[in-house]
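> fold the stuff below for me.
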Amino acid sequence: MRFSLLVGFAGAVLSVSSAMAQTAIPNSDALVAQIRKALANEIVTLSVSNQNKRLAGIDPQTITQLDNRWVSESASTSKPLIAATLSNPLSTYLTRIQAHSVGLYTEIFVMDAVGLNVGQSNFTSDYWQGDEAKWQKTYLAGPQAVFIDEAEWHEDSGTWRAQVNLSISDAAGAQAIGAATFEINLTEWQRRQ
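Below is the predicted model of the structure:
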């Protein structure tokens, strides 16, 4: 039974509101509600809004330069962009959320209105997510969008994992201002059901 639920989860690719998510994934409403609760903290909306203002009008060339800088810093001893991102208040908050999940969340990151990372619990391989479905199927789809990517087997830990991606909305809930990705340890999620 556990395997069949994981296989079913693996085939689920959604871009729907959280209210519709339960039709494809058992108990996904509870999981999405738990994630939304974590994202409801003021540090999330303030951090995303501030970065959106700071980078308003950023051009594609600058985005590419920032992403390339992130990748090059990952192989360097000098990491100013990476260090600034991983040590900001939002990253500290997301790291705490991940730690308190006791193995349920394996990675969390928040993106702005162009898909650049604002904060993250772990190092990501790139800084710009705007060319990926996790941002395109949430931020571009509206303030309540949810996209659950296909599950993948994580060889190192011997667990199934999937990314649950959600839009982050403004205080009124009327407009998307960013997006968030929570990588879920599905093996642990299933154990808790």
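> what's the local residue count around Thr187?
By other CB atoms under 10 Å, 18 other residues sit near Thr187. To be clear about C-beta, it is placed using only N, CA and C from the backbone, and glycine gets the same treatment.
> likewise for the one 5 residues further on?
As a burial measure, Arg192 scores 11 neighbours (other CB under 10 Å).
> kindly report the same for Asn41.
Residues near Asn41, counting by other CB under 10 Å: 14.
> for it, phi and psi?
Asn41 adopts backbone torsions of phi -70, psi 140, taken as degrees, to the nearest 10.
> tell me the pLDDT of it.
Asn41 carries a pLDDT score of 96 in this model.
> gap between the nearest residue to it once chain neighbours are set aside and Asn185?
Nearest residue to Asn41 in three dimensions, chain neighbours excluded: Tyr93, at 6.5 Å (CB to CB, 6 or more residues apart in numbering). From Tyr93 across to Asn185, the span is 20 Å (CB to CB, to the nearest Å).
> okay, helices next: where are they in this structure?
Counting by DSSP state H, one finds helices in the chain at the ranges 2-10, 18-21, 28-39, 42-54, 60-74, 80-86, 89-100, 133-136, 186-192.
> ok, which of the ones you listed comes nearest Tyr127?
helix 60-74 (3.5 Å; CB to CB).
> pull the CA atoms of stretch 71-85 into PDB?
What follows is stretch 71-85, C-alpha atoms only, in PDB (Å, rounded to 0.1, in the frame of the first residue of the first chain):
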ATOM      1  CA  VAL A  71      27.300  29.200  -9.700                       C
ATOM      2  CA  SER A  72      30.900  30.500  -9.800                       C
ATOM      3  CA  GLU A  73      30.900  31.400  -6.100                       C
ATOM      4  CA  SER A  74      29.900  27.800  -5.300                       C
ATOM      5  CA  ALA A  75      33.300  26.700  -6.600                       C
ATOM      6  CA  SER A  76      35.200  29.500  -5.000                       C
ATOM      7  CA  THR A  77      36.400  30.200  -1.500                       C
ATOM      8  CA  SER A  78      34.900  33.700  -1.700                       C
ATOM      9  CA  LYS A  79      31.100  33.600  -1.500                       C
ATOM     10  CA  PRO A  80      29.600  37.000  -0.900                       C
ATOM     11  CA  LEU A  81      26.300  36.500  -2.700                       C
ATOM     12  CA  ILE A  82      25.800  33.000  -1.300                       C
ATOM     13  CA  ALA A  83      26.800  34.100   2.200                       C
ATOM     14  CA  ALA A  84      24.500  37.100   2.100                       C
ATOM     15  CA  THR A  85      21.600  35.000   1.000                       C
END
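> contacts for it?
With contact meaning CB atoms under 8 Å, 6 or more residues apart in numbering, stretch 71-85 is reached by Leu66, Arg69, Trp70, Ser91, Asn117, Val118, Gly119, Gln120, Phe123, Ser125, Asp126, Tyr127.
> need the pLDDT of the closest residue to Ser169 other than its chain neighbours.
Ranked by CB to CB, 6+ apart and with sequence neighbours excluded, the top spatial neighbour of Ser169 is Pro143, at 3.6 Å. In this model, Pro143 is scored at 96, pLDDT.
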